[in-house]
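Asker: my questions are about this predicted structure, shown below with the sequence.
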Amino acid sequence: MPINKNYNFGNNLVSLDLETTGLSPGKDKIIEIGAVKTDSTAKEIGEFNSLVNPGILISDFIENLTGISNDDVSKSLQFVDIVDEFQSFLGDSIIIGHNIEFDLKFLSEEGLKLNNKFVDTWRFSQIMLPDLLDLSLGSICKYLDINQQNAHRALSDAKFTLEVFLLLTEKYENFDNKLQTAICNIISEKDNELFFLFNSVLSQTDSNVKNNIFFSPMEIIPKHSIKEKTKGNYFNYENDILQKIFSSDSEILDKVLSNFSYRKQQLDMSEVIADCIKNQFSAALEAGTGVGKSLAYLLPAAIFALKTGKRVLVSTNTINLQDQLYLKDLPLVKSILSELDPDIEDINFSILKGRDNYLCIKNYGNQFVDEDVDQNYLRFLAKMAVWISKTETGEKSELGLSNYVNNNYWRRISPKNKINCYGFDGPCFLRESREKAESSHIVIVNHALLMTDLKSVNSVIPDYDVLIIDEAHNLEDVASQHLGWKLDERDLKDIVRINYGKYDLIEMIGNLIKREFKNTVDLDQAENKLKRTISMIEELNIKYRNLFKSFNQIVITRGNKNSGHNSLRIDIDSNFPELKLVRDEWYELKLKLDKLKSDLI
């Protein structure tokens, strides 16, 4: 392995990997040990590799995965016979492994309990590669351009793990000193593993990192500018530009697309959309799979925007589809336009998402006020520091957030938690995304944001001249969700049950008033009010049960059964006898709810 840096880790390193018969240390056994030792400068000084007779059969799955068969290990030594040699090889070296706790548990189960310091490249990668979702050794090797051969053999994987460690160390050394300091200060001393890594092992390589320096996230955010939207006279629809792009003998798409094939429907669709935009009328188009609809509407939209300087808004169904348009299709449009005219000025395009998709720098900075913070959350914050130092958008979609914990952590540092933001004198990704949209020819949104913006007092989406709705068949459902409201039986049940069960809220309020406010409140008046409240809740209980009983009956008798559930769509024109009863019952229930609300205030 080529060593490109003058490392000094202060001790020898041993990169370790085990192959086993399964995942359970209690019942499975080690079948191979592989280890690579280096000196403190990362120069290789030895290897240890041995097959181990597990004393149990190796399954077909493990044999196919590792290439190690029962015949291979039948004549090998058992672990007890090689443990002394292996332990001598390890010495007091720092042990490196990928998900090293797995290996240490197997060794402990075999009676080898190690007191060595250790570094887990899985956790190291978690912080250093914040955009990577899959943190398996194979995925990390691919990400870091490590040619992983002979995977799932212990010695090979030990070497790959060492290479991952050294490359991550090199990345860390290339960080700005302020970022290094930030990471060292974020990681808690209680986090033995990572504190040792960042404040001991890696600090050997850079004496400039100083602990206990106040960390401000503003210091590590990259600076970037927003380009102004331009207007040019590059194209006219009259000169058959779309024919030139989408024709069967198109040289442009042949250059830009490796697998371009002529599709008449794509050309037809693009011409219809161009005509709609030019003559300001609406159209609904259905495009089958394989038509290439994204290019068919994006190219005429881009040409119009460049020609006029006006803005086109494109709305699609999901954030994933937004990202596909922004990261894949619009750069392709840019390349096509450059083929038409190499001197063309760049078309500006941007993406807008809901506020909870952006990092709030102020919220992030506030997380360091509380000293009693969970160590997993601190690891998350360190990962965020690395990401903040390189992101230009602050968008959640850039991150590898896969589980509930990470997504729950994200909510703490996104703007969604801020009911009102009274301005922030500093970088703000949400504000910058809106400013970028204001300077864009094409803005990509999703249906949810489009609908939410319609009812919002403070519009997020900038003014636009042309609206293209992709995946329009989903728009009605999204509109119903965001422009309507929901009545849930469970929510009503929670309201009418506040004076039932172990925690009788009404009784608790009464006792609190008697105990804490007996000298300042008219107790008789308060008691009468609580009695009225109980009476109203009991009436509500009857009303809501009647309402949902009627709902259920209508859905069962008039609805359609789908996936085991009955459903019924009722619109403004629906008219049948039972519907009047439901409307009357809902009106009575609403009156009772309004009365309860006013009586409680």
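Answerer: Cool, the structure landed.

Asker: and after the helix or strand where D17 lies, which helix or strand comes next?
Answerer: Taking DSSP states H and E as the definition, one finds D17 inside strand 13-20. Using DSSP H and E, the helix or strand that follows strand 13-20 in sequence is strand 30-38.

Asker: got the buried residues for the next helix or strand after that following strand?
Answerer: Going down the chain from strand 30-38, the next helix or strand is strand 44-51, by DSSP H and E. Neighbour-count burial for strand 44-51, counted by 16 or more other Cβ atoms under 10 Å, picks out F48, S50, L51. C-betas here are computed from N, CA, C, even on glycine.

Asker: residue furthest from the geometric center of this protein?
Answerer: Seen from the C-alpha centroid of the chain, the residue lying at the greatest distance (Cα atoms, centre = their mean) is D524, 55.2 Å away.

Asker: my guess is S59 meets L23, correct?
Answerer: No. At 11.7 Å, S59 does not count as touching L23 under the criterion of Cβ atoms under 8 Å.

Asker: of those two, who's got more company?
Answerer: Set S59 next to L23 and count neighbours by other Cβ atoms under 10 Å: S59 wins out with 13 against 9.

Asker: OK, contacts around that one?
Answerer: By Cβ atoms under 8 Å, 6 or more residues apart in numbering, the contact set of S59 is T21, G22.

Asker: and what of D463?
Answerer: R311.

Asker: assign it to helix, strand or coil.
Answerer: At D463 the chain is in coil, as set by DSSP: H, G, I helix; E, B strand; the rest coil.

Asker: so how far is R434 from it?
Answerer: According to Cβ to Cβ, to the nearest Å, D463 and R434 sit 12 Å apart.

Asker: mind listing what the most centrally placed residue in the chain touches?
Answerer: Geometric centre of the chain, nearest residue: L401, 4.2 Å, by Cα atoms, centre = their mean. L401 sits next to L133, N407, W410 when contact means Cβ under 8 Å, 6+ apart.

Asker: so the second one is in which element?
Answerer: In this case it means N407. Assessed by DSSP H and E, N407 sits inside helix 404-413.

Asker: residues touching that helix, excluding its own?
Answerer: Residues from elsewhere that reach helix 404-413, judged by Cβ under 8 Å, 6+ apart: 356, 359-360, 363-364, 367, 376-377, 380, 384, 396, 399, 401, 417.

Asker: let me know the next secondary structure element after that helix.
Answerer: Following helix 404-413 in sequence order, the next helix or strand is helix 429-438 (DSSP H and E).

Asker: quick one: buried residues of that next one?
Answerer: F429, L430, E432, S433, R434, K436, A437.

Asker: switch the residues you listed over to CSV; also include distance to K43 and pLDDT.
Answerer: Below are the buried residues of helix 429-438 laid out as CSV (distance: Cβ to Cβ, whole Å; pLDDT from 0 to 100):
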residue, distance to K43, pLDDT
F429, 43, 89
L430, 49, 89
E432, 46, 90
S433, 48, 92
R434, 53, 91
K436, 48, 92
A437, 53, 93
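
Asker: got CSV for these, with distance to L112 too?
Answerer: Below are the buried residues of helix 429-438 laid out as CSV (distance: Cβ to Cβ, whole Å):
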residue, distance to L112
F429, 49
L430, 53
E432, 54
S433, 53
R434, 58
K436, 57
A437, 59
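
Asker: farthest pair in those?
Answerer: Checked with Cβ to Cβ, those reach their widest spread between F429 and A437, with 12.7 Å between them.

Asker: mutual contacts of those two, please.
Answerer: With Cβ under 8 Å, 6+ apart, F429 and A437 have no common neighbours.

Asker: so after the helix or strand hosting V333, what's the next helix or strand?
Answerer: Using DSSP H and E, V333 maps to helix 330-340. As assigned by DSSP H and E, the chain's next helix or strand after helix 330-340 is strand 349-351.

Asker: other SSEs contacting whichever helix or strand comes after that following strand?
Answerer: Using DSSP H and E, the next helix or strand after strand 349-351 towards the C-terminus is helix 361-366. If you count contacts as 3 or more Cβ pairs under 8 Å, 6 or more residues apart in numbering; DSSP states H and E, helix 361-366 packs onto helix 375-388, helix 404-413.

Asker: sorry, back to before: tell me the pLDDT at the residue farthest from the centre of the chain?
Answerer: Here, the pLDDT recorded for D524 equals 76.

Asker: from here on, call the first residue 223.
Answerer: Sure thing, new numbering starts at 223, so read that last one as D746.

Asker: phi, psi of it?
Answerer: Note on D746: backbone dihedrals following degrees, to the nearest 10 are phi -70, psi -40.

Asker: ditto for V667
Answerer: Per-residue torsions, V667: phi -120, psi 180 (degrees, to the nearest 10).

Asker: so it touches V534, yeah?
Answerer: No. When contacts are counted by Cβ under 8 Å, V667 is not listed as touching V534 (11.3 Å).

Asker: low pLDDT regions in the stretch 623-772 of the chain?
Answerer: 626-627, 638-647, 679, 713-729, 738 (pLDDT under 70).

Asker: and the helices in it?
Answerer: Applying DSSP state H, counting those that start in this stretch to the stretch 623-772 of the chain gives helices spanning 626-635, 651-660, 669-677, 697-705, 711-718, 727-738, 745-780.

Asker: list the buried ones in the last one?
Answerer: Going by neighbour count (16+ other Cβ under 10 Å), the buried part of helix 745-780 is 748, 751-752, 755-756, 758-759, 761-763, 765-766, 769-770, 772-773, 776-777.

Asker: with the third one instead?
Answerer: Judged by neighbour count (16+ other Cβ under 10 Å), helix 669-677 contains these buried residues: H669, A670, L671, L672, M673, T674, D675.

Asker: between those, which sits nearest N337?
Answerer: Closest to N337 out of the buried residues of helix 669-677 is A670 (53.6 Å), distances taken as Cβ to Cβ.

Asker: bridging residues for the residue nearest to L235 when sequence neighbours are not counted?
Answerer: Excluding the flanking residues, the one nearest L235 by Cβ to Cβ, 6 or more residues apart in numbering is T260, at 4.7 Å. Here T260 sits in beta bridges with L235, E266, going by DSSP bridges.
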